[in-house]
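Colleague: I'll drop the sequence and a predicted model, then ask my questions.
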Amino acid sequence: MNPQLTDLIQKTYVVLKDCMLYGLESGELTVEDSENSAYLIDRNMKQIDSRGELLLFTEELAKKYPSFQKGHILVRQDSVTDRDKQKLEQLQEKLRSFTNSSITNGS
């Protein structure tokens with residue numbers, strides 16, 4: 001598995017745990033909700049193979065249990081940052097290619 005995805009999954013686990021604790025303390029989650037969501041988190045997080053799957057899972061979890069919204073936001077922000085980084089790298093590669101071809105043609 002991609003080390004960046006592994007790191008993101010670990011960060012997401014930590015945030016979801018914090019969300020669960022906050023939800024219990026604030027009364028947003030019942031004990032039964034926390035047990036059910038813990039089961040869902042454990043079962044689904046072990047099967048995640050991509051950012052997209054993680055994003056969809058956290059989105060569905062946050063819809064069912066709003067206390068987990070912060071976890072979904074973390075994954076969404078990371079996905080946007082990664083997509084922007086990839087676009088920037090592609091643009092930089094095109095610029096290098098253009099620059100190299102201009103130098104070669106100009107000689």
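Modeller: Done, it's in. Quick caveat: nothing in here was measured; it's all calculated off a predicted structure. Numbering: from 1, shown residues only.

Colleague: Give the burial count for Ile73, as a bare number.
Modeller: By the criterion of other C-beta atoms under 10 Å, Ile73 has 13 neighbours. No exception for glycine: its C-beta is placed from N, CA and C like everyone else's.

Colleague: Against Leu56, how distant is Leu91?
Modeller: Taking C-beta to C-beta, to the nearest Å as the measure, Leu91 falls 28 Å from Leu56.

Colleague: the more surrounded of the two?
Modeller: Remark: of Leu91 and Leu56, Leu56 carries more neighbours, 15 against 10, as counted by other C-beta under 10 Å.

Colleague: Check which helix or strand the more buried one maps to.
Modeller: helix 51-64 (DSSP states H and E).

Colleague: same for that helix, what does it pack against?
Modeller: The contact analysis (3 or more C-beta pairs under 8 Å, 6 or more residues apart in numbering; DSSP states H and E) places helix 51-64 against helix 3-26, helix 31-45, helix 69-106.
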